[in-house]
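S.K.: what's the 3D shape of this:
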Amino acid sequence: MVRLFFYLYSIILTVLSVIPALPQIGKPDKLNHFLAFFLFVILLRASYKVTSLQGIILSITFGAVIEIIQLFIPYRSGEVLDLVADGIGAILGSTLFSILIRIKKVNKFDRGNKGEKH
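M.R.: As a prediction, the model looks like this:
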């Protein structure tokens, strides 16, 4: 189920990246990039058995491809700072995912040892 959500999210992210930009209030563009790739890498790592570094590299590559495609779309623009925001989101999202996995493993271990004498 998570993999299906990852595919749907990837499609939505791609479509939103190539259609005319929606009007924005203020300057949340970089925040949007950060949040998009923060969630992207979490869904990627939850869907496939990839390491933190692999997830980050795949996410940044996906972001770079989108930015390159945007260079050829008249009403869009590919920007290096967008890719930087994508990368920061991917790094922090992957880090959070790794921390949550470790916490889950520790909690599983603790529950398994309840009632045992050491």
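
S.K.: where exactly do the helices run in the protein?
M.R.: 2-18, 29-47, 52-70, 80-112 (DSSP state H).

S.K.: now Gln54: how far from Ser17?
M.R.: 22 Å (CB to CB, to the nearest Å). In short, each C-beta sits where N, CA and C put it, glycine included.

S.K.: pick out whichever of these two has more residues nearby.
M.R.: Ser17 (21 against 15; other CB atoms under 10 Å).

S.K.: check contacts around the nearest residue to that one once chain neighbours are set aside.
M.R.: Nearest residue to Ser17, sequence neighbours excluded (CB to CB, 6 or more residues apart in numbering): Ile66, at 4.6 Å. Contacts for Ile66 (CB atoms under 8 Å, 6 or more residues apart in numbering) come out as Leu13, Thr14, Ser17, Val18, Gly78.

S.K.: and which of the residues you listed is nearest Ser47?
M.R.: Leu13 (14.2 Å; CB to CB).

S.K.: from what I see, that closest one and Phe40 are in contact.
M.R.: Yes - counting by CB atoms under 8 Å, Leu13 does reach Phe40; the two are 6.6 Å apart.

S.K.: which one of those two has more residues nearby?
M.R.: Phe40 (24 against 16).

S.K.: got the contact list for the more buried one?
M.R.: Tyr9, Ser10, Leu13, Ser59, Phe62, Gly89, Ala90, Gly93.

S.K.: make CSV from the contacts of Ile66 and add distance to Val84 to it.
M.R.: Shown next, in CSV, are these (distance: CB to CB, whole Å):
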residue, distance to Val84
Leu13, 17
Thr14, 20
Ser17, 16
Val18, 20
Gly78, 12
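
S.K.: low-confidence ranges in the chain?
M.R.: 25-26, 108-118 (pLDDT under 70).
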